[in-house]
Structure formats: C-alpha cells, structure tokens
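**Student:** Generate a structure from the sequence data that follows.
(one chain, ligands or ions: 1)
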Amino acid sequence: MRKTLQPQPGIMDIAVYTGGAAHIDGVREAVKLSSNENPFGAGDRAVEAYRRAGHSMHRYPSTDHAALRRAIAETHGLDAARIICGVGSDEVITFLCQAYAGVGDEVLYSQHGFLMYRISALAAGATPVAAPEIDRTTDVDALLAAVTPRTRLVFVANPNNPTGTMIPVSELERLAQGLPDNVLLVIDGAYAEYVEDYDGGAGLVDALGNVVMTRTFSKAYGLGGLRVGWGYGPAAVIDVLNRVRGPFNLSNMQLEVAEAAVRDREHLERSQTENARMRAWLAEALSALGVPCDPSYANFVLARFADQADAESCDLFLQREGLIVRRVGSYGLPECLRITVGDEATCRRVVHAVAQFKGQR
Ligand code: PMP
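**Tutor:** Residues are numbered from 1 along each chain as shown. Below is the predicted model of the structure:
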C-alpha cells in the first residue's frame, strides 16, 4: 500500500468480522447453529411480500420508511416518529457511534458484550472500553464505575450475546439514572422476542431522554438475510441519527418484507413457543452431560466445557457430525461454545453428538 494511504486511527485495530461458517468442507447437509437464526425460517407472509416486492425493483425505495415505522409503532405501541430503521440493528449501532462518538471519546459496554460495539466505536475513531461482568452477566455497578468524562455511549445487550444472560429493567433504569446527562444508554434488544413478558425499556426511552433501544428482524422474525433492524429513542436523538443515515439505506424488498413480518403474529408466536421449549430442554440435557449452560433468555445456549482444548475438540467432533456451532474465543470465552436452539430434531442431534463426544473421553 502507498504510505500516504493510511486509514484513520483505530481502523487497523478492528479484526475483520468472520461470522459463523455456513458449511463444512466435505460434509453435506451440515446444520448451521452458529448465527442464532430462526430454525423455522421466515414466515409465509414475509415470503409472499418478498415475491411481490420484486415488481418494484426499478423504483427507488421510500426514504423515510414511513409504512414500516407505522407497522412497528402499531405492533409495539410506540411513536412512529421516534423510530429509525437500518440495515440490521448493526447499522443503527453504527449510526449511534458515528453520530455520538469520535476521536478521544469512549464507548462503554460489558466484558462479553456484542462485537459490533467495539467495531463501530473503533470505526468512528472512539476508544472501546469493556467493564467486568459478574458470572457472565452485565454488572451495572461495574459499568457506572467505568464511566469517565470521555464516555459518550453505553451499550447493554439485554439479553446479551453470547452469554444469553439478562438483567431486569430496574437495573437498566438504575444505569440510565446514574449516567451523566451527556451519555446515551443503548439497550440492545436483538433477542427481546425470546424473553417472556419482555420489558424492552420503551418506558425508559420515553421517561428519561438519554435512552435508545434497538431491535431486529434477524432473530425471532427469521429474517437474518433480509437485514432490517430499528431503533426507538428521544425525538432529538432520532433526528440526529437520521442525519447520518443514507437516504436509501433500505430497499423496497427490505421495507415490504419487514412490514409483512411485523404483522405476522402467528409465525412469531410459533418461533417463541418452540424456542422456549427446546432451549430449556437443550440446556438441561447438556448440563446433565456435564456441560453446564447458564439460564439463557435468547435463542442460543452458552455451553461451558472444562477448558479451551475441551471446547475445541467438541467443536471438531460436532463438525464431523455435520453440526456447525460457534466458538466464542473472540468474546473472551474460549472454554465455551455457543449453540443456536434449533428445532426439536436438531437439538436431539446436538445432544446425541455431545454425549458421544463425552463418551469417548
Ligand atoms: N445485537 C446483538 C446482541 C446481536 O447478537 C446481533 C446479531 N448477532 C445484533 C445486535 C445485530 O443483528 P442485526 O444486524 O442482524 O439486526
């Protein structure tokens, strides 16, 4: 590279995101349990909308996403004017860092927080800061203790990926109340739909003025490949985020499919019910095999092995059985494997394979 073509400071500290593998060389029909996707796929209404949307490919899409925002607002009882939509909630996280954090600023999250917080902070020129957790769970006191005059954003995924743990909304409120006025708390609810009686913090957004929540269509709605997420925040914050958002960030396809999906209660409820049933079964069965799992509130379990070598050899064993799970060493959890909750047959396959792996040792 020419010496003058240097990227901005911080960019070379970002490791290129490699994500979950989609196949295993030499293994046909591998099952992918590495990206927390919905085993039931997209709902029928979303698939129909996708077909319909093809007819409008020659048209530029809506720039203000009004119809999708209205559908989200109606479903969740929110103010449509204070919703912003992005290419996955990843893009909303990027907007937040771009708009509120720059060189010399700090972006705070907890130790095993979602990787995008660090990536987006560094891409914006800011410094990522990770606060310790207690038992793989967000610790509000540790976050508050890590706040400095440079802190601009605090991200809390609730439930968190890759731990699956969560904290009550009262703790989020304590965090928001304890932050200085110029710090924004972002409650990332990517897995919200999988929590029974979820309180996503919309009340906090409305009451406090320094809270934003983010959500996604990638998980319970079964639309990871579509790439649509959204955020809800105070009017002034949403106005700022809309200024950094590209005018046509979402395609006709994304907008129409997401709108159909948000109105499809049936598909969502089936995904929720099946996930709750199989998540409990999977966690219990793995624990009985000597691979403990923390209680998960999401659509995956974090399986804890004796050490890194044990986790890695189980991963290789599962790969030979055609099961792709996720190593989470990059999250500081090298002794763990994150396993997406599949349908019943897949969960049984996972448990059978882990039992065989354990039996060999
Ligand atoms: N937040 C968390 C905690 C996640 O796990 C993910 C997906 N891995 C996202 C946000 C981003 O999801 P998407 O961009 O697909 O909406």
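
**Student:** what about whichever residue of the stretch 1-150 of the chain sits closest to the ligand, neighbour count?
**Tutor:** At 2.4 Å from the ligand, residue 88 is the closest residue in the stretch 1-150 of the chain, using C-beta to the nearest ligand atom. The C-beta positions use only the backbone N, C-alpha and C, and glycine is treated the same way. The local packing of residue 88 (other C-beta atoms under 10 Å) involves 22 other residues.

**Student:** Who are the contact partners of it?
**Tutor:** Applying C-beta atoms under 8 Å, 6 or more residues apart in numbering to residue 88 gives the contacts 216, 218, 227-229.

**Student:** what do you get for residue 185?
**Tutor:** By C-beta under 8 Å, 6+ apart, the residues touching residue 185 are 154, 156, 172, 175-176, 179, 210-212.

**Student:** Beta-bridge partners for it, please?
**Tutor:** Taking DSSP bridges, one obtains residue 154, residue 211 as the residues bridged to residue 185.

**Student:** ok, it to residue 78 distance?
**Tutor:** 17 Å (C-beta to C-beta, to the nearest Å).

**Student:** got it, and residue 251?
**Tutor:** 23 Å.

**Student:** which outside residues touch the longest helix anywhere in the chain?
**Tutor:** In the chain, taking DSSP state H as the definition, the longest helix is helix 265-288. Residues from elsewhere that reach helix 265-288 (C-beta under 8 Å, 6+ apart): 38-40, 42-46, 193-194, 196, 220-222, 261, 292-293, 295-296, 299, 301, 303, 339, 341-344, 347, 350-351, 354.

**Student:** Could you rerun that using 6 Å?
**Tutor:** 38, 40, 43, 194, 220, 293, 296, 299, 301, 303, 341, 344, 347, 351 (C-beta atoms under 6 Å, 6 or more residues apart in numbering).

**Student:** What residues sit buried inside it?
**Tutor:** 267-268, 271-272, 274-276, 278-279, 282-283, 285-286 (16 or more other C-beta atoms under 10 Å).

**Student:** For the helix or strand that it is followed by, output the C-alpha coordinates as CSV.
**Tutor:** Downstream of helix 265-288, the first helix or strand assigned by DSSP states H and E is strand 300-304. Taking Å, rounded to 0.1, in the frame of the first residue of the first chain, the C-alpha atoms of strand 300-304 are listed here in CSV:
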residue,chain,number,x,y,z
PHE,A,300,-29.0,-20.0,21.9
VAL,A,301,-27.2,-21.6,24.9
LEU,A,302,-23.7,-21.0,26.0
ALA,A,303,-22.2,-24.4,26.8
ARG,A,304,-19.3,-24.3,29.2
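
**Student:** which other helices and strands contact strand 300-304?
**Tutor:** helix 265-288, strand 333-340 (3 or more C-beta pairs under 6 Å, 6 or more residues apart in numbering; DSSP states H and E).

**Student:** Out of these, which gets nearest to the ligand?
**Tutor:** Among the helices and strands packed on strand 300-304, strand 333-340 sits nearest to the ligand (C-beta to the nearest ligand atom), with 10.0 Å.
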